[in-house]
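A.B. asks: Take a look and give me a structure for this.
(chains A and B)
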2 protein chains.
Amino acid sequence: MSDLNPPTFDARFRDQLVELMTWRRDVRRFRTDPVSDEQVETLLRLAMISPSVGNSQPWRFISVESRPLREIVRASFERCNADALNSYSDEQAEAYARLKLAGLNDAPVHLAVFCDLSPAAGHGLGRATMPEMLNYSVVTAISTLWLAARSYGLGIGWVSILDPVEITKALDVPPSWTLIAYLCVGYPVEEHSDPELVRHGWQDRIDLSACYFKR
Amino acid sequence: MSDLNPPTFDARFRDQLVELMTWRRDVRRFRTDPVSDEQVETLLRLAMISPSVGNSQPWRFISVESRPLREIVRASFERCNADALNSYSDEQAEAYARLKLAGLNDAPVHLAVFCDLSPAAGHGLGRATMPEMLNYSVVTAISTLWLAARSYGLGIGWVSILDPVEITKALDVPPSWTLIAYLCVGYPVEEHSDPELVRHGWQDRIDLSACYFKR
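C.D. replies: As a prediction, this is how the structure comes out:
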């Protein structure tokens, strides 16, 4: 029952894959150069190869293009970002204020990514005891999208500093949809192999030994 | 401030990346051949390159090795799977009963993947309004792990038909950890470019047009 020619991947490909993963990055500084609809659709088709619980494919992508809708998103980010700044004190507040946390003004493509919590597909398989598997399936698609984008020289920034209820309402989606991510997509101004938050002294990488245990 | 030599990825690499994504698959039929500790650590180090909210790196991996613990997991799967079977009627129950939904008996490596909901790293950045970003960060690491594994010829099966509370209790983890995934890892018996649930008539793939909209 297996396909006839499963591929094998060699060390050269694996080295490039590690480079791709390393240079994937969360991007917040975008060039305004347009990204074609065709390119976006190519990326979304790749994202849809991702695994999903019961093959439910609950990912729903909305390209946010209208100026008034983008304005609502930007206002939500600014309000939530100001609230976050106020929650830190002293040096941490200063450090936070110096960070650039979204690329909403420059990124040519905005994708709001939702999870349909009542998808027709999948017939409920695999999510009776862990219903959050639907949300997680959408995250695997975002993860695939991110790597696919970078392979074309594109960057993605995941903006989570906003009010998901407000964004969901503004985008007028079916009631069973819940917002998973708001993504900025475009060509990055600069490229890095280390996370912006490492480079700007917010949070270093931690070691495997702090994350891996045996039982 | 940008690194000196950002890589470019050519069409040949992208073709191989699409092959990797296509043949990634959720695997449920494993050979019992061992997978070395060193190999597992290589994969986990790659997983840890994944993006995380505020660079919080909340992923925690437990290699479940003891026989009694694996027995608890298997029993939990069998009970939850029987409950699921009972929830379907007629043809769907027959179809469900024919599916192989876990590779717990044969997979040499079992990884329980948790999210630390109170990570020291990240200082709360990016998750005030969307606290679920921590869970999602762990899912991006699992997604990376999955692709990395396949690049070495290894398969992963994500088992979600179990009681997460029971598994968490059995593994005796800190109270701030929540179970995201239970993964079987090993060499697959057979390889496929289409999902098992498509091949066995449970759920076909859906089209981009059903998932992509503009506003």
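
A.B. asks: Run through chain A and note the low-pLDDT ranges.
C.D. replies: Along chain A, the parts satisfying pLDDT under 70 run over A:1-3.

A.B. asks: Grab the longest helix from it for me.
C.D. replies: Counting residues, the longest helix found in chain A (DSSP state H) is helix A:67-87.

A.B. asks: Count the residues that sit near residue A:51.
C.D. replies: By the criterion of other CB atoms under 10 Å in any protein chain shown, residue A:51 has 21 neighbours. Yep, even glycine has a C-beta here, placed from its N, CA and C like the rest.

A.B. asks: hey, what's the residue sitting nearest the centre point of chain A bridged with?
C.D. replies: Nearest to the mean C-alpha position of chain A, counting by CA atoms, centre = their mean, stands residue A:158 at 4.4 Å. Beta-bridge partners recorded for residue A:158 (DSSP bridges): residue A:183.

A.B. asks: Was I right to think it contacts residue A:182?
C.D. replies: Yes. Look at residue A:158 against residue A:182 with CB atoms under 8 Å: they come within range, at 7.4 Å.

A.B. asks: Summarise which helices and strands the longest helix of chain A is packed against.
C.D. replies: For helix A:67-87, the packing partners by 3 or more CB pairs under 8 Å, 6 or more residues apart in numbering or on different chains; DSSP states H and E come out as helix A:90-98, helix A:164-171.

A.B. asks: so how far is residue A:178 from residue A:165?
C.D. replies: Going from residue A:165 to residue A:178 by CB to CB, to the nearest Å gives 10 Å.

A.B. asks: More neighbours: which of the two?
C.D. replies: The neighbour comparison of residue A:165 against residue A:178 (other CB under 10 Å) goes to residue A:178, with 19 against 12.

A.B. asks: who's the more buried one bridged to?
C.D. replies: With DSSP bridges as the criterion, residue A:178 is bridged to residue A:115.

A.B. asks: what sits against it?
C.D. replies: Neighbouring residues of residue A:178 by CB atoms under 8 Å, 6 or more residues apart in numbering or on different chains: A:114, A:115, A:117, A:135, A:164, A:168.

A.B. asks: 10 Å - rerun?
C.D. replies: Contacts of residue A:178 were listed using CB atoms under 10 Å, 6 or more residues apart in numbering or on different chains, and they are A:58, A:60, A:114-117, A:134-135, A:138, A:164-165, A:168, B:132.

A.B. asks: Check residue A:7 too.
C.D. replies: Per CB under 10 Å, 6+ apart, neighbours of residue A:7: A:13, B:16, B:19, B:20, B:22, B:23, B:150, B:153, B:191, B:193.

A.B. asks: tally of neighbours for the closest residue to residue A:117 other than its chain neighbours?
C.D. replies: Take residue A:117 and drop its neighbours on the chain: the residue closest to it by CB to CB, 6 or more residues apart in numbering or on different chains is residue A:176, 5.0 Å away. Residues within reach of residue A:176, counting by other CB under 10 Å, total 13.

A.B. asks: between the contacts of residue A:7, which is closest to residue A:101?
C.D. replies: Minimum distance to residue A:101 across the contacts of residue A:7 is 31.5 Å, recorded for residue B:20 (CB to CB).

A.B. asks: circling back to that earlier point, could you verify my assumption that the residue nearest to residue A:117 touches residue A:168?
C.D. replies: No. Residue A:176 lies out of contact with residue A:168 (CB atoms under 10 Å); the separation is 11.2 Å.

A.B. asks: shared neighbours, those two?
C.D. replies: Common neighbours of residue A:176 and residue A:168 (CB under 10 Å, 6+ apart) are residue A:114.

A.B. asks: How much space separates the residue nearest to residue A:117 from residue A:214?
C.D. replies: As judged by CB to CB, residue A:176 and residue A:214 stand 41 Å apart.

A.B. asks: Now do the strands in chain A.
C.D. replies: A:59-63, A:109-116, A:155-159, A:177-186, A:212-214 (DSSP state E).

A.B. asks: which strands and helices sit next to the first one?
C.D. replies: The one in question is strand A:59-63. Packing partners of strand A:59-63 (3 or more CB pairs under 10 Å, 6 or more residues apart in numbering or on different chains; DSSP states H and E): helix A:37-47, strand A:109-116, helix A:133-151, strand A:177-186, strand B:212-214.

A.B. asks: likewise the third one?
C.D. replies: Packed against strand A:155-159, as judged by 3+ CB pairs under 10 Å, 6+ apart, are the following elements: helix A:67-87, strand A:109-116, helix A:133-151, strand A:177-186, helix B:133-151.

A.B. asks: quick one, it and strand A:177-186 angle?
C.D. replies: Between strand A:155-159 and strand A:177-186, the angle comes out at 140 degrees (axes from the mean of the first three to the mean of the last three CA atoms, to 10 degrees).

A.B. asks: Could you list the buried residues of strand A:155-159?
C.D. replies: Of all the residues in strand A:155-159, those buried under the rule 16 or more other CB atoms under 10 Å in any protein chain shown are A:155, A:156, A:157, A:158, A:159.

A.B. asks: what's the answer for the last one, then?
C.D. replies: Buried residues in strand A:212-214, defined by neighbour count with 16+ other CB under 10 Å: residue A:212.

A.B. asks: burial count for residue A:5?
C.D. replies: Residue A:5 sits with 8 neighbouring residues when counted by other CB under 10 Å.

A.B. asks: show me the contacts for residue A:71.
C.D. replies: Per CB under 10 Å, 6+ apart, neighbours of residue A:71: A:104, A:170.

A.B. asks: cool, residue A:102 as well?
C.D. replies: Contacts of residue A:102 by CB under 10 Å, 6+ apart are A:28, A:73-74, A:77-78, A:81, A:157-162, A:182, A:184.

A.B. asks: cutoff 6 Å now
C.D. replies: A:77, A:159 (CB atoms under 6 Å, 6 or more residues apart in numbering or on different chains).

A.B. asks: State the distance from it to chain B.
C.D. replies: Separation of residue A:102 from chain B (CB to the nearest CB, to the nearest Å) stands at 10 Å.

A.B. asks: Roughly how far does that residue sit from residue B:122?
C.D. replies: The gap separating residue A:102 from residue B:122 is 17 Å, by CB to CB.

A.B. asks: What of residue A:131?
C.D. replies: Here residue A:131 is placed at a distance of 26 Å from residue B:122 (CB to CB).

A.B. asks: In terms of neighbours, single out the busier of the two.
C.D. replies: Using other CB under 10 Å as the criterion, residue A:131 and residue B:122 rank with residue B:122 on top: 21 against 12.

A.B. asks: Now do the contacts for the more buried one.
C.D. replies: Residues near residue B:122 by CB under 6 Å, 6+ apart: A:203, B:54, B:55, B:56.
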